[in-house]
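J.: A predicted structure for the sequence below; I have some questions about it.
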Amino acid sequence: MRVAYLGPQGSFSEEAALRYFTNEDVEWHKSGSIVDVLEAVGDGTADKGIVPIENSIEGTITITADGLLTHDLFIEAEVIFPVSLNLLTIEGASLDEINEVWSIVPALAQCRDFIRQSKVKTRQFDSTSAAAQAVKNQERKDVAAIASRYAAEVFDLQIAKSAIQDNSNNHTRFVVISKKKCKPVQEQTKTMLLISPTEDYSGVLSSILNVFSALSINLSWIESRPTKKQLGTYHFFIEALNGMQEEKMKKAITILQAFGHDVRVLGSYGTTKL
Ligand SMILES: O=C(O)C(=O)C[C@]1(C(=O)O)C=C[C@@H](O)C=C1
């Protein structure tokens, strides 16, 4: 089985992938960006992928949410991974010399307080590990990468400051994706739906939410993403705390469809906490 994740070596995605896919015979496929991972799964270069979708400080990784739609992908599992972000420098650099920090946007956003307080500039990279690799290659003492302890080991960098994220209790939720509709790999405790209203009328969102509350279905995530076709029109990602095997989930979908909404089941899955 070929599994794609965000590289280069040393990324959080790699740590999550290596710890999640332990029993299988895997051929790893490292992609240069999150979009590339989604594309690799979408075009069949990889059978599965693992991508970040939400962070407890920063919220939705919108590239992933949008990519699930563009590439018609399904979710077969979710993986919760603890994220501690560190300031990595080359050997001998000191904290007060640093005037620029490099990382992927969601990681920079998770360290907003630190960045503001230390008045450093930021530069965007496609992953925390790509930033760490660049710091290593450029041998500059005035820049630091925001990345993991694992990336520090991989690129032989020093940790100038550890745990710089805005809240020490920080987690990123990854989803395991595939092009084909997935067979459940573990007990299905959640279902991700994509609901696209076919008509816009006042109260459309509350009519959708009422279906879930009437059936006592608890929701764990709701995200609206623009259809990108017309200003003010949205798709709704709604994640329910019930599996698709449960009668009330089937009922909810039937009612939503009867209301005229387009409903897609993106996956029904369980959670792995690493
Ligand atoms: O850049 C990485 O190391 C990643 O795996 C991506 C990513 C993300 O985009 O959310 C994953 C986990 C952390 O939240 C920080 C970065």
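T.: Nice, I can see it. Numbers count the residues shown, from 1 in each chain.
J.: Which neighbouring elements make contact with whichever strand or helix holds residue 123?
T.: Assigned by DSSP states H and E, residue 123 belongs to strand 121-124. The contact analysis (3 or more CB pairs under 8 Å, 6 or more residues apart in numbering; DSSP states H and E) places strand 121-124 against strand 100-103, helix 105-110. Heads up, the C-betas are built off the backbone N, CA and C, glycines and all.
J.: Throw the ones you listed into a markdown table and include mean pLDDT, distance to residue 268 and mean neighbour count, thanks.
T.: Formatted as a markdown table, those follow (pLDDT from 0 to 100; distance: least, CB to CB, whole Å; neighbours: other CB atoms under 10 Å):
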| stretch | mean pLDDT | distance to residue 268 | mean neighbour count |
| --- | --- | --- | --- |
| strand 100-103 | 98 | 34 | 23 |
| helix 105-110 | 98 | 26 | 22 |
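J.: Which of those sits closest to the ligand?
T.: Nearest to the ligand, of all the helices and strands packed on strand 121-124, is helix 105-110, at 3.8 Å by CB to the nearest ligand atom.
J.: What are the contacting residues of whichever helix or strand comes after that closest one?
T.: Later in the chain than helix 105-110, the nearest helix or strand by DSSP H and E is helix 112-118. Helix 112-118 is contacted from outside by 98, 101, 108, 122, 161, 164-166, using CB atoms under 8 Å, 6 or more residues apart in numbering.
J.: follow-up on the earlier one: so which of the helices and strands packed on strand 121-124 gets nearest residue 34?
T.: helix 105-110 (9.3 Å; CB to CB).
J.: which bits of the protein sit near the ligand?
T.: 6, 11-13, 52, 55, 61, 83, 104, 106-107, 127-129, 172 (CB under 6 Å from any ligand atom).
J.: at 8 Å what do you get?
T.: 5-6, 10-16, 34, 52, 55, 58, 61, 81, 83, 85, 103-107, 110, 125-131, 147-148, 151, 170, 172, 174 (CB under 8 Å from any ligand atom).
J.: hmm, which of those are the buried ones?
T.: Neighbour-count burial (16 or more other CB atoms under 10 Å) applied to those gives 5-6, 10-16, 34, 52, 55, 58, 61, 81, 83, 85, 103-104, 106-107, 110, 125-131, 147-148, 151, 170, 172, 174.
J.: if we can go back for a sec, following the strand holding residue 123 in sequence, what is the next regular element?
T.: helix 128-138.
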